[in-house]
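Participant: Build me a structure from this.
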Amino acid sequence: MVDYLIKSSACLAVFMLFYKLFLEKESMHVFKRFYLLISLLISIGIPFITFTQFIEVPVKPNDFIISNSTNPTTIQEESINNFPLILWSIYVLGVVVFGLKFIFNLSKILKKIKQNTKLKTQKSIHVLLEELIVPHTFLSYIFLNKTHFETQKIPAEVLIHEEAHVIQKHSLDILFIELFQIIFWFNPLIYILKKSIKLNHEFLADQEVIKKGVTLSKYQQMLLAFSSNALEPQLATAINYSSIKKRFTVMKTSSSKTGIWLRSIVLLPLLALLIYSFSTKKVIEKETAILSEISHDAQQKASPEELAEYNKLAKQYNLQPEATRIVPLNDLKKLESIFNKMTIQQKENAQPFPNCPQKLIPTINGILCEGGCTVNISREATKKLILGTNTGEAITDFMIKFIGKPTVSVSGNKLNKKAIALLNENESDKMIQIFNIKTTNSHIKMPILIQLADKNDENYSHSPIVKKGEKSDIPPPPTPPKAPEIQMNQDMPPPPPPIPADATPEEKVKYQKTIDEYNKWYNTKVKKGEKSDIPPPPTPPKAPEIQMNQDMPPPPPPIPADATPEEKVKYQKTIDEYNKWYNTKVKKGEVSNIPPPPPPKSPLDFVIDMAKKDATFYYEGEKISSDKAISILKENKSMNISSKNSTGKNPKVYLSKEPITID
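Facilitator: From the prediction side, this is the model:
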């Protein structure tokens, strides 16, 4: 905006300087009238003229990078600058003041027209006023003192002068510049332009009076007689304009047609210079790959091992629905790194890059909190909490609410002094809510609830941001109770405990590894069937057995996705019979050991399973990719499916809209 104002003001200043030096004292007043009005419009328009230049920038193929990179970038928080807001407030205030002033002056003139006597003539309407005024004009109205007009004290030259303003519609020029003055009230050049326009109107009216045969000396004496200190109306054109000396000088001059043409021609290079100097230049870079400079052997290529790793990862994530697909940051970086190394030919033969709408999830002390969550942490750990995101995007600010206390706005990702003070007053049984979490580019709407917990509480979660062996003020999690120790010989390892039912998959792997090692040692010490004091390894828990009666039929298998129509009828008949028997034995909502009938496996699930087994897919006899097969099934769920070797190696799956005949 500042750049535009500087350019437009500079253009207007050049036009006004040319006018003052070469045009103002000349007698070509009609030309000057249009020059002044058009110069304002051109000055406003030149900065909007844009010249676009395209430049080709050579780029090597290896310089191309993928556009969907989600590598987190660190953006420093910018300080708030209120200076532009203050400037805009001052500008708007000025527009309001000048706008109200314009409306007031216009209403004042209209009120005079309405409340006073009007006398219509052939060329204008005389408005006769009681107060002592200087004759002036607005649109087609000429305002005169009633007493002077009725006693014929107003000279004929004055009436000719004012009628010239009416006929040439000078009031329209004044209204035009007044509207621009409201918008550009701060620009002093507008006031200089307005003064020059009004003075040129007087030149035009004076010229009209001289044309009517009035002698120059007599008219100049009349002007001196009517010159006074009375104020000129804002929106009207009065005869007592202050620059009498300039008007007398201009009355005596005359401009030739040759002079007018010469000055008009000079304006053309001046206009071209202004357009060149103050228009907008836009440079657009067009990237052009330099393929000829790089030989095929010198190009960077992805190795076969990297291609295999890329295809494996890309295929894994491409099988997931794109709307819910989330690629971990480490895998995404690995995919991007290999993709950037690949040649055009390698990219054409490789799996498509798995685009993913990375879901932004907040973290509290490094722990994911997806979809809103409740965390149990101690008061001390809450004081030192650190908010973050799964993508590494920085937290800029958030709100925290303590029940019965005012909401606190926090900048950054840690509690401020005010929040910590309210936290110390908060009772342990009252929830604390963190919400309206904002990052550098996003807004997390789901809140985080904190329940203050004792540091020995079993639900207390220790922050993973504390590295092993590192000192920290954050209290560690409670130590789990140790299993009772069995007294053994020095060379005898302790028997491992059984795998807990609620163990995580990682814990189950560790437990099983310990049991396997003990099994290996146990088998070297104790022969099969031999009695020993060495405790045997723990027996794995058995699956609960279902007690069945002799008259209870076995549950039927689910209908295979690739079954023929005849086979589907037989399968369905068996399931219906089992359903009928099951409903006679088990009432609705009753708990029973009798297994319910199996749910049928959907064709889409079957195709996804086959894709994981690297099956070959055919659609209407033509070979297609697994992604295409999944896409076809999503669009048409009634598609017919047949397969070969679905449980063995190299399975084949056939899709068709028509019934499939099995030879």
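
Participant: Residues contacting the helix or strand harbouring Ser409, please?
Facilitator: In this assignment (DSSP states H and E), Ser409 forms part of strand 408-411. Here strand 408-411 makes contact (C-beta atoms under 8 Å, 6 or more residues apart in numbering) with 77, 396-402, 416, 418-419, 422. Bear in mind the C-beta positions are built from the backbone N, C-alpha and C, glycine included.

Participant: in which helix or strand would I find Ile437?
Facilitator: With DSSP H and E as the criterion, the answer for Ile437 is strand 432-439.

Participant: name the helices or strands packed onto that strand?
Facilitator: Contacts defined by 3 or more C-beta pairs under 8 Å, 6 or more residues apart in numbering; DSSP states H and E place strand 432-439 against strand 387-389, strand 395-402, strand 443-444, strand 448-452.

Participant: Select from those the stretch with the lowest mean pLDDT.
Facilitator: Mean pLDDT values for the helices and strands packed on strand 432-439 show the minimum at strand 443-444, a mean of 80.

Participant: what's the offset of that one from the middle of its chain?
Facilitator: Counting by C-alpha atoms, centre = their mean, to the nearest Å, strand 443-444 is centred 13 Å from the centre of its parent chain.

Participant: Check which strands are paired with that strand and give the direction for each one.
Facilitator: Here strand 443-444 has these sheet partners by DSSP bridges: strand 432-439 (antiparallel).

Participant: Which residues belonging to the partner strand are considered buried?
Facilitator: 432, 434-435, 437, 439 (16 or more other C-beta atoms under 10 Å).

Participant: Report the angle between it and strand 395-402.
Facilitator: Between strand 432-439 and strand 395-402, the angle comes out at 160 degrees (axes from the mean of the first three to the mean of the last three C-alpha atoms, to 10 degrees).

Participant: Run through who's touching strand 432-439.
Facilitator: Under C-beta under 8 Å, 6+ apart, the answer for strand 432-439 is 360, 362, 364, 382, 387, 389, 393-403, 423, 426, 443-445, 447-452.

Participant: tell me the helices in the stretch 501-650 of the chain, going along the chain?
Facilitator: 505-525, 565-585, 603-612, 626-635 (DSSP state H, counting those that start in this stretch).

Participant: got any ranges where the stretch 201-350 of the chain has weak pLDDT?
Facilitator: Scanning the stretch 201-350 of the chain with the threshold set as pLDDT under 70 gives 226-243, 255-257, 285-300, 322-326, 329.

Participant: can you map out the strands along it?
Facilitator: Under the criterion DSSP state E, counting those that start in this stretch, the stretch 201-350 of the chain carries strands at the ranges 237-238, 280-289.

Participant: Also the stretch 51-200 of the chain?
Facilitator: Counting by DSSP E, counting those that start in this stretch, the strands of the stretch 51-200 of the chain are 117-120, 125-129, 136-138, 141-145.

Participant: Let me see the mean pLDDT of the shortest one.
Facilitator: Within the predicted structure, the mean pLDDT of strand 136-138 is 88.

Participant: Show me what it is packed against.
Facilitator: Counting contacts by 3+ C-beta pairs under 8 Å, 6+ apart, strand 136-138 is packed against strand 141-145, helix 156-167, helix 170-183, strand 237-238.

Participant: any chance of the ones you listed in TSV, with distance to Thr504 too?
Facilitator: What follows is the helices and strands packed on strand 136-138, written out as TSV (distance: least, C-beta to C-beta, whole Å):
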stretch	distance to Thr504
strand 141-145	93
helix 156-167	95
helix 170-183	70
strand 237-238	92
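
Participant: deepest of those, which one?
Facilitator: For the helices and strands packed on strand 136-138, ranked by mean neighbour count under the definition mean count of other C-beta atoms under 10 Å, the leader is strand 237-238 at a mean of 24.

Participant: residues contacting the spatially closest residue to Leu449 that is not a sequence neighbour?
Facilitator: Nearest non-adjacent residue to Leu449, counting by C-beta to C-beta, 6 or more residues apart in numbering: Thr374, 4.3 Å away. Contact partners of Thr374, counting by C-beta under 8 Å, 6+ apart, are 431, 448-451.

Participant: If we use 10 Å, what do you get?
Facilitator: 431, 447-451, 459 (C-beta atoms under 10 Å, 6 or more residues apart in numbering).

Participant: Among those, which one sits closest to Val14?
Facilitator: Within these, the smallest distance to Val14 is 60.5 Å, found for Pro447 (C-beta to C-beta).

Participant: so what's the backbone phi/psi at that closest one?
Facilitator: Note on Pro447: backbone dihedrals following degrees, to the nearest 10 are phi -80, psi 170.

Participant: Surely it is in contact with Ile364?
Facilitator: No. Counting by C-beta atoms under 10 Å, Ile364 is not a contact partner of Pro447; they are 11.4 Å apart.

Participant: Those two: which is more packed in?
Facilitator: More crowded of Pro447 and Ile364, by other C-beta atoms under 10 Å: Ile364, with 22 against 18.

Participant: and the more buried one, what is it in contact with?
Facilitator: 373, 375, 377, 381-382, 385-388, 413, 434, 448, 450, 461, 463.
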